[in-house]
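Q: Just need the structure, nothing else, for what follows:
(chains A, B, C and D)
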Number of protein chains: 2
Amino acid sequence: MIDLMPETQPSAEAPPMGRRERKKAATRQAIADAALRLFLERGYDDVGIREIADEADVSTTTLFKHFPVKEALVFDEEADQEALLLAAVHDRPKGRSIPAALREHALRYRMAATGSDARFTAFFELIDTTPALRDYVQAMWLRHTEALAHAIAEECGLPEDDPGCTALAHFALEAPRAARGHDDPRRAVERAFDLLEHGWQPDPPKRTRPGGR
Amino acid sequence: MIDLMPETQPSAEAPPMGRRERKKAATRQAIADAALRLFLERGYDDVGIREIADEADVSTTTLFKHFPVKEALVFDEEADQEALLLAAVHDRPKGRSIPAALREHALRYRMAATGSDARFTAFFELIDTTPALRDYVQAMWLRHTEALAHAIAEECGLPEDDPGCTALAHFALEAPRAARGHDDPRRAVERAFDLLEHGWQPDPPKRTRPGGR
DNA sequence: CTCAACAAGTGCAACCGTTTCACTTTTGAA
DNA sequence: TTCAAAAGTGAAACGGTTGCACTTGTTGAG
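A: Got it, this is the predicted structure:
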């Protein structure tokens, strides 16, 4: 329900899952769907774990095997989104700079939410009005920032806590976030990344050319 | 126990508290002391709320009247520190720029921890090794950043979500944090603020001079 | 001084997210 | 077929947190 990821590239990732993995995924999806539906109906705090499990027809034990904490039920696509983000850097067409790859990724995947689809609106309102969820997205954002910084550093052959990489990662995730609320979010993101691509020069390490591998 | 705030200015704030407020403060302190002692002895996760309350000789109800969540027991001075931070901006000597005031504050109050006092070391190790506390400090840092940004904006007569103010607040709190781990943290902070003071020019609003009030 | 009003503290039971445990059922592969 | 690992179960417990009805101490106005 509410697929935040538009149109995965047709040719991409389809390692044919066996029955087992398919069933597992189905269970997971059933849980997430039930949870989101109930949350939207009655509010995050007024829906208990046990009730969600019942609705999805699984035990609470099973529920927690799939989602480590209650908040994670709302962001069941987090892992996929992070993977996509890191892939955008790691698998970018050769010759393309990292900022450029991040810009493309931002425009492609992180702007879906800005459409005027009513379900998106409700989804974001749910988050914005629930302190527990606000806190969770904040922590999530940080996790992604760190993962991205790490990936960039690795890509450039820099130490994994290189401040420049941290800053770039920070910026690349902050830009789309700040763009929400602008009249033309797409344009805002473009602007931010224009700035970034001109300003950011990866500090070339000893003998690796920036962007090379 | 473990007073993070060295030497409050002698003349500052001493609105003579009545017996009531004094007792309340004492209770609060007893709870925080008991909690920190037990945490350091046995680890954060291995000490329960009920046990802390017992040790401080209060009911758990009372404990939660003073500290909204378990993590807050570790940061019982948070409110004071935030107040001090905001005061550093608001009550700075006239003519002094905001960045300069923040630099002085950072050097004065936020570097206490870098001393080689064994209790500080243990305190920070407790935090660093407890995920729940790491998460909490992160959220705390964000709250303080937002409060500071708000205070700066108000001080300059700018809209309360002015990006420049947000950035300045962010930087001013990030600098001392990043300095931890440097060989000479004090110097690192000085450097960071040197940069900041030269770089940052508050966008003068309609008719207010920057730094004026 | 007295007394009402209010703030602080109490004890207990409940709530709810989360974990543990011992157990059954499915599934993939040897 | 056989077997081990993976997925799921059910119930009970744990621990942080809250609600409730209550007592006690402090304060300030009359």
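Q: How about the helix or strand hosting residue A:138 and DNA strand D, any contact?
A: Using DSSP states H and E, the element containing residue A:138 is helix A:131-156. No - against DNA strand D, helix A:131-156 shows no contacts by C-beta under 7 Å from any atom of the strand, the least distance being 10.8 Å. Backbone N, C-alpha and C define where each C-beta goes, glycine included.
Q: Skip ahead from that helix and say which helix or strand is next.
A: Criterion used, DSSP H and E; the element after helix A:131-156 is helix A:163-179.
Q: Please report the distance of the most centrally placed residue in chain A from chain B.
A: Most central in chain A under C-alpha atoms, centre = their mean is residue A:81, positioned 3.6 Å from the mean C-alpha point. Distance from residue A:81 to chain B, counting by C-beta to the nearest C-beta, to the nearest Å: 20 Å.
Q: Let me know whether that residue touches residue A:105 as I believe.
A: No - contact criterion C-beta atoms under 8 Å: residue A:81 and residue A:105 do not qualify, at 10.3 Å.
Q: give me phi/psi at residue A:181?
A: Main-chain dihedrals, residue A:181, degrees, to the nearest 10: phi 100, psi -20.
Q: how close does it get to residue A:149?
A: Distance from residue A:181 to residue A:149, counting by C-beta to C-beta, to the nearest Å: 25 Å.
Q: how far away is residue A:195 from DNA strand D?
A: When distance is defined by C-beta to the nearest atom of the strand, to the nearest Å, residue A:195 is 41 Å away from DNA strand D.
Q: count of residues packed around that residue?
A: By other C-beta atoms under 10 Å in any protein chain shown, the residues close to residue A:195 number 13.
Q: I'd like to check the angle between the host helix or strand of it and helix A:163-179, please.
A: Take DSSP H and E as the rule and residue A:195 turns out to sit in helix A:185-199. Per axes from the mean of the first three to the mean of the last three C-alpha atoms, to 10 degrees, the angle that helix A:185-199 makes with helix A:163-179 is 160 degrees.
Q: where are the low-confidence patches of chain A?
A: A:1-16, A:112-116, A:199-213 (pLDDT under 70).
Q: hmm, back to that, give me the angle between the helix holding residue A:138 and helix A:163-179.
A: 140 degrees.
Q: Flag every buried residue along helix A:131-156.
A: A:133, A:136-137, A:140, A:142, A:144-145, A:148-156 (16 or more other C-beta atoms under 10 Å in any protein chain shown).
Q: same question, stretch A:84-97
A: Buried-residue list, stretch A:84-97, by 16+ other C-beta under 10 Å: A:84, A:85, A:86, A:88, A:89, A:92, A:97.
Q: Could you do stretch A:163-174 as well?
A: Under 16+ other C-beta under 10 Å, the buried positions of stretch A:163-174 are A:164, A:165, A:166, A:168, A:169, A:170, A:171, A:172, A:173.
Q: Who are the contact partners of the second one?
A: The contact partners of residue A:165, taken as C-beta atoms under 8 Å, 6 or more residues apart in numbering or on different chains, are A:149, A:150, A:152, A:153, A:156, A:158.
Q: May I see those arranged in CSV, with distance to residue A:59 as well?
A: Formatted as CSV, the contacts of residue A:165 follow (distance: C-beta to C-beta, whole Å):
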residue, distance to residue A:59
A:149, 38
A:150, 36
A:152, 41
A:153, 42
A:156, 46
A:158, 46
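Q: Of these, just say which sits nearest to DNA strand C.
A: residue A:150 (25.1 Å; C-beta to the nearest atom of the strand).
Q: Can you give me the neighbour number for the nearest residue to the closest one once chain neighbours are set aside?
A: Once flanking residues are discounted, residue A:150 sits nearest to residue A:160: 5.4 Å by C-beta to C-beta, 6 or more residues apart in numbering or on different chains. Residue A:160 has 13 neighbours, counted by other C-beta under 10 Å.
Q: Residue A:41 now?
A: 9.
Q: So it, which state does it fall into?
A: With DSSP: H, G, I helix; E, B strand; the rest coil as the basis, residue A:41 sits in helix.
Q: what's the distance between it and DNA strand C?
A: Per C-beta to the nearest atom of the strand, residue A:41 is found 15 Å from DNA strand C.
Q: near DNA strand D, which residues of chain A show up?
A: A:20-21, A:23-24, A:27, A:57-62, A:65-66.
Q: Please parse chain A into its domains.
A: Split into domains by automatic domain parsing, chain A comes to A:19-68, A:78-199.
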